[in-house]
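Novice: 3D model of this:
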Amino acid sequence: MAKMKHVVLLQFKPEVAPDQIERIFLNLEGLQDKINGVLDFTCGPYSSDEGLNQSYTHGFIMTFVDSAARDAYLPHPDHEIVKQSILPLVDGVCAFDFEM
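Specialist: From the prediction side, this is the model:
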């Protein structure tokens, strides 16, 4: 059974305040305590001079015990609440999952 990485890149709208972004990431981090199978969560703003972020300003990575845990997370009601609070604040989202 392989662990699953869930990588999400976000392009926040310019008018979104830093404290709003911080609250969003705290809400996402809090999903670890609400949804079984989430092993860890890490997040942050883009911080490279390379310039290959294609306008994505922030990202986060979650690790799940396996793909079944990720599959249970995606439609989970607590995840949906957080997701719906994020979508109006972004101009772009990219999600990319892979097994380890």
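Novice: Now do the helices in this structure.
Specialist: For the chain, the helices defined by DSSP state H occupy 18-30, 67-73, 77-86.
Novice: Include distance to Ser48, mean neighbour count and mean pLDDT when you put those helices into JSON lines, please.
Specialist: All C-beta spots, glycine's among them, are computed from the backbone N, C-alpha and C. Shown next, in JSON lines, are the helices of the chain (distance: least, CB to CB, whole Å; neighbours: other CB atoms under 10 Å; pLDDT from 0 to 100):
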{"stretch": "helix 18-30", "distance to Ser48": "18", "mean neighbour count": "15", "mean pLDDT": "97"}
{"stretch": "helix 67-73", "distance to Ser48": "27", "mean neighbour count": "17", "mean pLDDT": "98"}
{"stretch": "helix 77-86", "distance to Ser48": "23", "mean neighbour count": "14", "mean pLDDT": "97"}
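Novice: Out of those helices, flag the one nearest Leu52.
Specialist: Of all those, it is helix 18-30 that lies closest to Leu52, at 20.9 Å by CB to CB.
Novice: Now do that closest one: everything it contacts.
Specialist: 12, 41, 43, 58, 60, 62, 82, 85-86, 89 (CB atoms under 8 Å, 6 or more residues apart in numbering).
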